[in-house]
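**Student:** only the shape, not the letters, is given here:
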């Protein structure tokens, strides 16, 4: 099964996935943060603050590469999915790559959307609280657009959120 953990920036996705990994579950890390770290290390420009279109395309390619390695024999928890690209492209008002439209439907077995936490100033992504809330709205609409019924994970302590996810698989 491919189980998506999604939500706006700084919603607790990484914390939730880290706790799942500590319990022995297979976790697929977020592609966006990997690309940000790689680009910052080399002084590159494939960043949301420099070239958002190239950044979104790089995320999509990286995510598809990761997902191509997943088998049907295991359960995987994914930190975001290609559906998120549609939401982010709408947020940034850029065209979404056609691959998203071709591949996003019926690709994932379960989707958990984390309620946004209180505002955290994210030094990597430079989004305001208003941006974070608008991204949350766009991500929700993206999953609905592609026919997914996401399960809303309420605000709670990280361990409680993990229990909620595990109890709702």
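**Tutor:** Everything's here; your move. Remember, predicted model here, so these are calculated numbers, not experimental data.
**Student:** check which residues of whichever strand or helix holds residue 53 are buried.
**Tutor:** In this structure, residue 53 sits in helix 52-68 according to DSSP states H and E. Neighbour-count burial for helix 52-68, with 16 or more other CB atoms under 10 Å as criterion, is recorded at 52, 54-60, 62-63, 66-67. Every residue, glycine included, has its C-beta placed from N, CA and C.
**Student:** could you point out which element follows that helix?
**Tutor:** Assigned by DSSP H and E, the successor of helix 52-68 is strand 76-79.
**Student:** what's the following helix or strand after that next one?
**Tutor:** Following strand 76-79 in sequence, per DSSP H and E, is helix 83-92.
**Student:** are we agreed that residue 4 is in a helix?
**Tutor:** No: under DSSP: H, G, I helix; E, B strand; the rest coil, residue 4 sits outside any helix and is assigned strand.
**Student:** can you tell me which of the buried residues of helix 52-68 is nearest residue 131?
**Tutor:** Comparing those against residue 131 with CB to CB picks out residue 52 as the nearest, at 12.6 Å.
**Student:** so the closest one makes contact with residue 94?
**Tutor:** Yes: Residue 52 is within contact range of residue 94, at 6.2 Å (criterion: CB atoms under 8 Å).
**Student:** which residues of the chain fall in helices?
**Tutor:** 13-22, 31-42, 52-68, 83-92, 98-103, 129-145, 158-167 (DSSP state H).
**Student:** got the angle between the second one and helix 83-92?
**Tutor:** Comparing the axes of helix 31-42 and helix 83-92 via axes from the mean of the first three to the mean of the last three CA atoms, to 10 degrees yields an angle of 70 degrees.
**Student:** again with the third one
**Tutor:** Regarding helix 52-68 and helix 83-92, their directions subtend 170 degrees when assessed with the same axes, to 10 degrees.
**Student:** what's the neighbour count on the nearest residue to residue 89 once chain neighbours are set aside?
**Tutor:** Excluding the flanking residues, the one nearest residue 89 by CB to CB, 6 or more residues apart in numbering is residue 96, at 3.9 Å. Using other CB atoms under 10 Å, residue 96 is surrounded by 19 other residues.
**Student:** and residue 96, how far from residue 77?
**Tutor:** 24 Å (CB to CB, to the nearest Å).
**Student:** contacts only, for the residue nearest the centre of the chain.
**Tutor:** Among the residues of the chain, the one closest to the centroid is residue 80, at 2.2 Å (CA atoms, centre = their mean). Contact analysis of residue 80 by CB atoms under 8 Å, 6 or more residues apart in numbering lists 4-6, 13, 30-32, 63.
**Student:** can you read off the pLDDT for it?
**Tutor:** pLDDT for residue 80: 96.
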